[in-house]
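In: this one's sequence-less:
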């Protein structure tokens, strides 16, 4: 790898750390938020919990995808079309 590639990898790791930090702060604020609203609310049905569950699942999947991209080896195999002999 060149110096530019290493610099890009460091920048990607920094951005990933920032995203993980933001996710942790948002999760902390969500879990420690005081209850608000009316004193009595009908408990939501199964569909009522579906939207937040899908949102959290997609968020975790996106974060896992970013980690996979960041840890991938950019030179895992040689490009055959660039290095083939004639």
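Out: Cool, got the structure. Every value quoted in this text rests on a predicted model; they were computed, and no experiment measured them.

In: following the helix or strand hosting residue 26, which helix or strand comes up?
Out: Take DSSP states H and E as the rule and residue 26 turns out to sit in helix 3-31. Proceeding N to C from helix 3-31, the next assigned helix or strand is helix 50-71, under DSSP H and E.

In: residue nearest the centroid of the protein?
Out: The residue lying closest to the centre of the chain (C-alpha atoms, centre = their mean) is residue 63, at 1.4 Å.

In: for that one, give me its contacts.
Out: Residue 63 makes contacts with 19-20, 23, as judged by C-beta atoms under 8 Å, 6 or more residues apart in numbering. Where C-beta positions appear, they are placed from N, C-alpha and C, glycine not excepted.

In: any chance of a markdown table for the residues you listed, columns distance to residue 59?
Out: Shown next, in a markdown table, are these (distance: C-beta to C-beta, whole Å):
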| residue | distance to residue 59 |
| --- | --- |
| 19 | 10 |
| 20 | 12 |
| 23 | 7 |
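
In: from these, which single one is nearest residue 56?
Out: Distances from residue 56 to those, taken as C-beta to C-beta, are shortest for residue 23 (10.4 Å).
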